[in-house]
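Asker: how would this look folded up:
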Amino acid sequence: MPYVNKKRPYKKEYDQYHGSEEQKRNRAKRNAARREMERKGRVSKGDGKDVDHKKPISKGGGNSAKNLSIKPKSSNRSFKRRSDGSVA
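Answerer: Presented below is the predicted three-dimensional model:
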């Protein structure tokens, strides 16, 4: 774990990564996918479900219906990890 016994630099992290124009565009695409599934009645606020992109936006995936699926938060937000804690 990279931040054991250290304070996480949230502001620096946002400035260098989350605040970049590319990440803002990707976040807008993820939010649009969620709104689309809400309109279709497949998810609702507080239901414990996530809209999953089968091919991630970061890897060139889009918001087409065939690229979206609904998953429980617990399975969509868990990733296989290496022994050092990084994502495999």
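Asker: Output the worst-scoring helix or strand of the chain on mean pLDDT in CSV, but only the C-alpha positions, please.
Answerer: Least confident element among the helices and strands of the chain, by mean pLDDT, DSSP states H and E: helix 73-76 (a mean of 86). Once non-C-alpha atoms are left out, helix 73-76 reads as follows in CSV (Å, rounded to 0.1, in the frame of the first residue of the first chain):
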residue,chain,number,x,y,z
LYS,A,73,-20.5,-2.3,-6.9
SER,A,74,-18.6,-5.0,-5.0
SER,A,75,-17.6,-6.8,-8.3
ASN,A,76,-17.1,-3.8,-10.4
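Asker: Can you name the residues that contact Lys71?
Answerer: Lys49, Asp50, Asp52 (CB atoms under 8 Å, 6 or more residues apart in numbering). From N, CA and C alone the C-beta is placed, and that goes for glycine too.
Asker: Identify the bridge partners of the first one.
Answerer: If I follow you right, that is Lys49. Counting by DSSP bridges, Lys49 forms beta bridges with Pro72.
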